[in-house]
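K.L.:
Structure of the sequence below:
(2 chains)
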Amino acid sequence: MSRPDGEARQGISIRGVTKRYGSTIALSGVDLELYAGEVLGIAGPNGAGKSTLIRVIAGEERPDGGELTFDGAPWSPFTDWQAVAVVHQEPQLFPNLTVAENMLVGREGASRLRPGLGQADARVMEALGIGHLRDRLLSDCSLATQQRTEIARAVARASRVFLFDEPNSALTADESNELFREMHKIAADGRIVLLVTHRLEDLVAHCSRVAIVRDGSVRAILEGEALTEEGIARQMVVDSGAVHGKAAKSAAQTAAQPVFSVKNWTHDRAFRDVSLDGSAGEIIALVGVEGSGSRELIRSFAGLEHCTGAITIAGEGGEHAIDAMSAYVPATRQLSLYSNFSVGENLLARLGSPQIAGFGLTLRTRRMKEMAEVAVKHFLVKTRTTTQPIRSLSGGNQQKVAIAQALHCDPKLLLLEEPTRGVDIHSKAEIYRLLRDYAERGNVVIMLCTETLEVYEAADRVHVVANGKVSPGLAVGDYDHVEQLATDITRLESESRERMPKAG
Amino acid sequence: MSSSEVGQHAESKRGSSAAKATIDAALRVGGLFLAVIVVAMVFVAINPNFANPNLAVSVLRAMSSVAIMAMGLTLVIVVGEIDLSFGAMYGLAANTLAVVWILMGVSVYAAIPIAILVAICVGLFNGLLVTSMKIPSFIVTLGSYNLLYGLSLWVSNTGTFNPNYPPPDGNVDPGELNFFIGLTQNVGKYSLSVEIFWMLGIAAVIGFLLHRSLFGFRLMAIGGNPEAGRLARLPVRKYKVLAFILCSVLAAIAGILDFSFIQTSQPDIGLSQTFPVFAAVIIGGASLSGGKGTIVGTLGGALLLAELQIGLALLSPGPHVQQIFLGAVTIGAVALDLFLTKLRKSRAS
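P.N.:
Down below sits the predicted model:
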């Protein structure tokens, strides 16, 4: 550690790192400097290579090319994984062991059958304020304590790099303040700290620099004056030029009869008194981070969360309307596709009698085959046959199957969570077109988005969900540039935060 | 994450994977019946006297009650649950029938439906505890296994019953006795037991249910991804309860048919059937993680086991050999299955 303080600061230097999965390029030459003693933020839209970069630094993934050096010497986190500690959104610990035992896992020495806590360990735990909880089962501890245990574990094993991956998305305001205090302490000790989060305000408040990852490389590094929420939001959405599927907005929408409306829609903890309308042909985007109530809101429209209030879909009200006329597509394909089924069976999995079954619930196999073939053509699913396993399709095509599966129920209200997560650009445009087609046939589409670009390209109207409240809508058609939209969404988000500074 | 990784490799092998799923299933069943033939040939090679139709008929008879229970268990396993209680249900059905009919003097035509009704209640009990109270099915049915055996001991007062020799205060109508024995009597030149036709008939019904009806389609979907089923608002709970009820009812039918064939009921009959039935289902290719299983496969598994059981009994090297084979074949079949799957995957990529 006593290198001469010359031209290079101490830390990790990443040079030209590349990583590809099959034909997909995840990282195309990343250059990044991580300095000891600072907190570096990493931001970027989903699927831009951010998570791959994090996995490379954490040693979970071996890069295909490029080099990493640590304090000037070649370094491979893949073999030196002990040096890197990752603090996850959901702590990767052992809930069935006590806090103290969790500290010791992986350190069982040859000397004793059961290792005990050393003086150093106890000091670390005291410093993090979990000393008095040492004999408590981890599963009985709060999430904040669990994260602190994870940090303590890393500090005790002398990790030099700390990677906080969406660490506070499930914490209360007080707990996250605590967490960030610990984070700064770690940095002050001369360690390298990375913060990855979707919450722009945290990046601005806690990082000295923020690297924006887009299209597989670091496109910008914001620091000092340039480091603002708006600045990051703009950088995240700068149009790469590859997609511009922004659909023509139909102007007559406002005059149309609302197909969907909720009033005083209240959930017992996630949101209160929500009112929302949707007209035929409209695509509505909801934007909200984890814990804002947005996920519960969209799931409640599908009858998956219990709520009170009035809901009307196509003139009918109550649970019957939800059951008969809404369909929901979860964010991950693991929650909508059946891996033991073929492509065709997946397309039809939500149907019942009379669509695919006739007298005595006999499956109408010939009709099923025809329907599956029609659906494959209509939804542009690239597959050779309808009988091949669903897993043989690419991610984008699997996503089309997941959406088609829901559309087969002919819902008046289609609910989607992150409809293009992990989908290539080409499929993305096709999915937006399918949604637009569907909406234009007199239906309403509501989607939960985490990316402003998605809102800009696919939606007519966007509402921000924060602290269980839904903001007034922004008409996407009024914006000529996605950057302006991103700025306004960020503004709405921070406004509702200020209105209600501390909501659990 | 895994699905997207699979997706990225997909472009290259898309062509070959087209009809693979169906071919795989066919190979699996084909391989099983090949094993049945090979085992038969080995037995005949050891002792040429084994090549006679009477022996084949007794193998079929021996497999039938196992197969009937195994088909019920297949439904439960396909939907991603476990039932350990069917063996005890088999015994409870036989004992209920014996007591209600022989001891209490209720007509056999009413006593059989009563035994089936008991099975429906047991299935409902298992199913509701699993779906409503979210107790793992392993635990629920482990409990009901003991519970049902306890009930069998209680209703039978730990006694043995035979309708041909009713107790002094009981009375069995000869016509009813003939009907009951007729349920599984031997017919034809090779004295084929009617129980075999019961098995085939039930196989046709359950095969239709699982592979050709909406019920089976959804059962497979729910077993493959229960969370997706719930989010898509499929009737997950109802289907799980129905699977448990069918499993119990089929076990009761097997118990009643075997009672008719053996004509003696004991409180503990059926208990020892539990694990051979599981073995038949597993050898038949069903996956304990759900979403996978066929009726033809299960029948093949039951056939292979019955064949080994009777062949080894006749060679009479001792009872230990049958047990050792049962264990080895169960593990071997699954190991072979996994090995072949891995081999095929590595060749594909």
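
K.L.:
show me where the stretch 351-500 of chain A has strands.
P.N.:
According to DSSP state E, counting those that start in this stretch, the stretch 351-500 of chain A carries its strands in the segments A:413-417, A:444-449, A:461-466, A:469-470, A:474-475.

K.L.:
Out of those strands, which gets nearest to chain B?
P.N.:
Comparing the strands of the stretch 351-500 of chain A by their distance to chain B (C-beta to the nearest C-beta), the top pick is strand A:413-417, with 10.1 Å. (Glycine included, C-beta is placed from N, CA and C.)

K.L.:
now that closest one, how far from the centre of its chain.
P.N.:
Computed by C-alpha atoms, centre = their mean, to the nearest Å, the separation of strand A:413-417 from the middle of its chain amounts to 17 Å.

K.L.:
That one: partners in the sheet, and parallel or antiparallel?
P.N.:
Paired with strand A:413-417 in the same sheet, following DSSP bridges, are strand A:326-329 (parallel), strand A:444-449 (parallel).

K.L.:
I'd like those strands as CSV, with mean neighbour count appended.
P.N.:
Putting the strands paired with strand A:413-417 into CSV (neighbours: other C-beta atoms under 10 Å in any protein chain shown) gives the following:
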stretch, mean neighbour count
strand A:326-329, 24
strand A:444-449, 25
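
K.L.:
Including mean pLDDT and distance to A:Ser342, could these go into JSON lines?
P.N.:
Supplementary listing: these in JSON lines, determined by pLDDT from 0 to 100; distance: least, C-beta to C-beta, whole Å:
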{"stretch": "strand A:326-329", "mean pLDDT": "92", "distance to A:Ser342": "19"}
{"stretch": "strand A:444-449", "mean pLDDT": "93", "distance to A:Ser342": "27"}
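
K.L.:
Contacts only, for residue 273.
P.N.:
Answering for chain A, as no chain was given. With contact set as C-beta atoms under 8 Å, 6 or more residues apart in numbering or on different chains, A:Asp273 has these partners: A:264-266, A:309.

K.L.:
was after chain B, sorry
P.N.:
The neighbours of B:Gln273, taking C-beta under 8 Å, 6+ apart as the test, are B:65-66, B:69, B:87, B:90.

K.L.:
Let me know the closest of these to chain A.
P.N.:
Chain A has its nearest neighbour among the contacts of B:Gln273 in B:Met69, at 23.8 Å by C-beta to the nearest C-beta.

K.L.:
Kindly confirm my reading that the closest one is in a strand.
P.N.:
No. Secondary structure assignment places B:Met69 outside any strand; it is helix (DSSP: H, G, I helix; E, B strand; the rest coil).

K.L.:
Report how many residues lie close to it.
P.N.:
By the criterion of other C-beta atoms under 10 Å in any protein chain shown, B:Met69 has 32 neighbours.

K.L.:
quick one, helices of chain B?
P.N.:
Ranges of helices within chain B are B:2-13, B:20-46, B:53-78, B:86-98, B:108-132, B:137-155, B:174-182, B:194-212, B:214-224, B:226-231, B:236-262, B:274-283, B:295-315, B:319-348, based on DSSP state H.

K.L.:
same deal with the stretch 201-350 of chain A?
P.N.:
A:229-237, A:294-301, A:318-325, A:343-348 (DSSP state H, counting those that start in this stretch).

K.L.:
for the record, mean pLDDT for stretch B:252-265?
P.N.:
Within the predicted structure, the mean pLDDT of stretch B:252-265 is 94.

K.L.:
Name the residues of that stretch that are buried.
P.N.:
B:252-261, B:263-265 (16 or more other C-beta atoms under 10 Å in any protein chain shown).

K.L.:
any residues touching that stretch, and which ones?
P.N.:
Taking C-beta under 8 Å, 6+ apart as the criterion, the residues outside stretch B:252-265 that touch it are B:61, B:64-66, B:68-69, B:89-95, B:97-98, B:112, B:115-116, B:118-119, B:156, B:160-164, B:180-181, B:183-184, B:193, B:195, B:198, B:202, B:269-270.

K.L.:
one more time with 7 Å
P.N.:
By C-beta atoms under 7 Å, 6 or more residues apart in numbering or on different chains, the surrounding residues in contact with stretch B:252-265 are B:65, B:68-69, B:89-91, B:93-95, B:97-98, B:112, B:115-116, B:119, B:160-164, B:180-181, B:183-184, B:193, B:195, B:198, B:270.

K.L.:
circling back: looking at the contacts of A:Asp273, which are in strands?
P.N.:
Where those overlap with strands, as defined by DSSP state E, the overlap consists of A:264-266, A:309.

K.L.:
who are the neighbours in contact with A:Gly49?
P.N.:
Taking C-beta under 7 Å, 6+ apart as the contact definition, A:Gly49 lies against A:26-27, A:213, A:216.

K.L.:
What pLDDT is listed against residue 107?
P.N.:
Answering for chain A, as no chain was given. pLDDT, the model's per-residue confidence, is 68 for A:Arg107.

K.L.:
My question was about chain B, not that one.
P.N.:
At B:Ser107, the pLDDT value in this model is 92.

K.L.:
Surely it is in contact with B:Leu177?
P.N.:
No. The pair B:Ser107 / B:Leu177 is not scored as a contact, 11.6 Å apart, by C-beta atoms under 7 Å.

K.L.:
higher neighbour count, those two?
P.N.:
With other C-beta under 10 Å as the criterion, B:Ser107 and B:Leu177 differ in neighbour count, and B:Leu177 comes out ahead with 17 against 13.

K.L.:
From chain A, how far off is the more buried one?
P.N.:
Applying C-beta to the nearest C-beta, to the nearest Å, the value for B:Leu177 to chain A is 36 Å.

K.L.:
surely that residue meets B:Asn162?
P.N.:
No. Under the criterion of C-beta under 7 Å, B:Leu177 is not in contact with B:Asn162, lying 10.5 Å apart.

K.L.:
Show me just the buried residues among the contacts of stretch B:252-265.
P.N.:
So, by 16+ other C-beta under 10 Å, the buried ones in the contacts of stretch B:252-265 are B:65, B:68-69, B:89-91, B:93-95, B:97-98, B:112, B:115-116, B:119, B:161, B:163, B:180, B:183-184, B:193, B:195, B:198, B:270.
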